[in-house]
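Enquirer: give me a 3D structure for the following:
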Amino acid sequence: MADVHTFRGLRYRDDVRLDDVVAPPYDVLSAAQAAELRARSPYNAIHVDLPVPPGAPADEEAYLRAASTFLAWREEGVLVRDELPGIVVVDQTYTGPDGRERTRSGFVARLRLAALDERVVLPHERTHAGPKVDRLRLYRATHADLSTIFLLFPDDDGSVGKTLEAAAAELPAAAWREAHDGDGNTHRCAAVAGPAAERVAGALAGRPVYIADGHHRYETALAYRDERRAAGDPSADTLMVYLCSLSDPGLTVFPTHRLVHSIPQLSTARLRELVAPCFDVLGEPVTGVQSARTALEALPDQTDPAGVFGLYLPREEACLTVRAREPEASRRLAAGGFSPAAAGLSVTLLHELLLSDALGLGHDDAERHVDYAKSVPDALAELAGGKYELGAFLNATRVDQVRAIADEGEVMPQKSTYFYPKLLTGLVYDALGD
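Expert: As a prediction, the model looks like this:
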């Protein structure tokens, strides 16, 4: 099962203001956001974690510059290595897309990498090749973990959570540092060393861990580990990870809505025909952007929310609410080899019955024809731009469903889960082999 260790992290020295140097994950940034972060500080994490700006062509020299920059920060004392092995506790107080404030607690440590077929680290989403090429180039240049991936661990009896809480309670107020993201959420972090850190890391022995966010980076870490092992170097056998309990009260999953483009233009009547084999239309279509927003934001309140979707046609400003029809939906998914757990997911119903069966977009096509939005207002704003023929709005996958799918050895479509808030890059780094 999971082999979690303390480590001597590299963190910004105390006089560096964290708000100037932290950054969101590289894969959520636009070119404009990346440029703003670069200008914010010469020590911002973006300089090492995103050497090739979004949309720019691959540049091998850029990865080498990132490695030189990372080394220079260490030599200048901008990054200071912790004196003792430990963990880094991270508390995130945030307001979610649903308007509720919560605090999610976890910690950063080293995880010994395990092949996915060993069933120690359990994924739940499909991956694509493109993002892994970029991260592998960065690994080769820097030989460092510059950001964390997000893992979940089972803690049904609450014992790990209590151990972590006790370790954090021992810290003096001065040990905590604070950073903020672009949404105004607060990220507090502090290093815990010694026996308290060892107790937290050791408490995960015998448990599997689940990938919440970072499937591409985990698979890339495995590829890099294998490269280094082939060269006789075991220093890449570990990965810096953030670990959070599946039972943490601040852990939430939000939906990621689909924006479909480059398909034949749809009318309300034609859409009704396409979905008729497996979906019932609930009520009459709603027209107008504001009325559509009201209907779409009410989706979680529907009976059987997993099977209920909002379908928005931007050219008509018309919104249909549809529900997967039983037993037709279950029969179709069972014939496709889906387990009952997978067949009950909103993303499975959406991708198999609506995008694939109704619109003819298979899994490979979805990557070319589907973009994503995190909230109803953001999605409607994008849909108004004229690029898209359809918006598909769905309810969130529950945490227990993520666990069940991973336990079954199945995977969901890409971006099936939206764990919020994202982890900031720059709270801690790990130089492999140190």
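
Enquirer: list the contacts for the residue lying farthest from the centre of the chain?
Expert: Distance from the centre of the chain peaks at residue 269, with 36.3 Å (CA atoms, centre = their mean). Contact analysis of residue 269 by CB atoms under 8 Å, 6 or more residues apart in numbering lists nothing. Yep, even glycine has a C-beta here, placed from its N, CA and C like the rest.

Enquirer: distance of it from residue 276?
Expert: 11 Å (CB to CB, to the nearest Å).

Enquirer: cool, residue 43 as well?
Expert: Counting by CB to CB - residue 43 and residue 276 are separated by 58 Å.

Enquirer: between the two, who's got more neighbours?
Expert: The residue with more neighbours, out of residue 43 and residue 276, is residue 43; 21 against 13, by other CB atoms under 10 Å.

Enquirer: tell me the secondary structure of the more buried one, please.
Expert: Taking DSSP: H, G, I helix; E, B strand; the rest coil as the rule, one finds residue 43 in the coil state.

Enquirer: report how many residues lie close to residue 340.
Expert: Residue 340, neighbours per other CB under 10 Å, totals 11.

Enquirer: correct me if wrong: residue 168 contacts residue 189.
Expert: No. Counting by CB atoms under 8 Å, residue 168 sits too far from residue 189 to count as a contact (10.4 Å).

Enquirer: give me the common contacts of the two.
Expert: If you check residue 168 and residue 189 against CB under 8 Å, 6+ apart, the residues they both contact are 89, 91.

Enquirer: how about the helices in the stretch 201-350 of the chain?
Expert: Ranges of helices within the stretch 201-350 of the chain are 215-230, 268-275, 289-297, 328-335, 340-343, 346-348, based on DSSP state H, counting those that start in this stretch.

Enquirer: would you mind finding the most buried of the ones you listed?
Expert: Among the helices of the stretch 201-350 of the chain, ranked by average contacts under mean count of other CB atoms under 10 Å, first place goes to helix 346-348 (a mean of 25).

Enquirer: which SSE is immediately downstream of that one?
Expert: helix 363-369 (DSSP states H and E).

Enquirer: can I get that following helix as PDB, trimmed to CA atoms?
Expert: Written as PDB, here are the backbone C-alpha positions of helix 363-369 (Å, rounded to 0.1, in the frame of the first residue of the first chain):
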ATOM      1  CA  HIS A 363     -13.900   9.600 -26.700                       C
ATOM      2  CA  ASP A 364     -11.200  10.700 -29.200                       C
ATOM      3  CA  ASP A 365     -13.600  13.200 -30.900                       C
ATOM      4  CA  ALA A 366     -14.500  14.800 -27.500                       C
ATOM      5  CA  GLU A 367     -10.900  16.100 -27.200                       C
ATOM      6  CA  ARG A 368     -11.200  17.900 -30.500                       C
ATOM      7  CA  HIS A 369     -14.800  19.100 -30.100                       C
END
